[in-house]
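**Q** Have a look at this prediction, sequence included:
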Amino acid sequence: MEPPALMWSVDNCTVARAMATLGEKWTFIVLREVFLGIRRFDQMRVRTGIPRQVLTNRLDRLVTEGILRREPYREQGLRTRTEYRLTEKGFDLYPVLCSVLAWGDRYLADPEGSPVELVHRDCGAPVVVPLRCTAGHDVDSPRDVTSRPGPGARRRV
C-alpha cells in the first residue's frame, strides 16, 4: 500500500520554502551568533571565520527575508555602522536552533560534551525543546505524530 502522502502535491511545501531561506550552512551560524548577542559584522567574521562576501550575502538575505533588521550605531569618534537585530520572525527561529543544537549535542559532541548549555535565566535549569500538541499533551516520540492534509493541501496531478 502506498503512503497517503503520495496523493498530495509538494509544490507549495513550506519545509522546502523554509529551507530555500535557511538551508545554507552559514545561515544558521549567523543566526547562532545573533542569538548569542554578537550583532556586529566584524565580530561575527572574526568569531566564525566566515568569508567577508559570504557573511555579507547571508546578512543581506536574512534582512531581505525579514529575519534580521539593520540597526545603525556609532561609537564615539567613528563613522556610523550597522549591527543586526532579530525581528519577531527571527526570534521564532529560536526553537529550531535549539533543536539543531540538541541533535548536534546528542550525535556530534566531543566526548566531554556540548560546548554550550541552554539554561532558563530565572532558575538555571536546562532548556529543552519538547513536541507538544495544541491540547497540551507532550509527544514522546516522532512515531506518535502523523500528518494529514492541511488547508493549503493540493491533490497531486
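**A** That came through, no problem. From a predicted model like this one, the values you see are computed outputs, not experimental measurements.
**Q** My guess is residue 45 contacts residue 52. True?
**A** Yes: counting by Cβ atoms under 8 Å, residue 45 touches residue 52, with 6.3 Å between them. Yep, even glycine has a C-beta here, placed from its N, CA and C like the rest.
**Q** higher neighbour count, the two?
**A** Neighbour totals were compared for residue 45 and residue 52, and residue 45 leads with 16 against 10 (other Cβ atoms under 10 Å).
**Q** after the strand or helix carrying that one comes which helix or strand?
**A** Residue 45 is part of helix 41-48 when elements are defined by DSSP states H and E. Next in sequence after helix 41-48, counting helices and strands by DSSP H and E, comes helix 52-64.
**Q** which residues are contacting that next one?
**A** 21, 24, 26-27, 30-31, 41, 44-45, 48, 50, 68-70, 84, 90 (Cβ atoms under 8 Å, 6 or more residues apart in numbering).
**Q** Show me just the buried residues among these.
**A** Members of the contacts of helix 52-64 that pass the buried threshold by neighbour count (16 or more other Cβ atoms under 10 Å) are listed as 26, 27, 30, 31, 41, 44, 45, 48, 50, 68, 84, 90.
**Q** Tell me which helix or strand the first one sits in.
**A** If you go by DSSP H and E, residue 26 is part of helix 25-35.
**Q** do the last one as well
**A** Using DSSP H and E, residue 90 maps to helix 88-91.
**Q** Return the distance of that helix from the chain's centre.
**A** Computed by Cα atoms, centre = their mean, to the nearest Å, the separation of helix 88-91 from the middle of its chain amounts to 10 Å.
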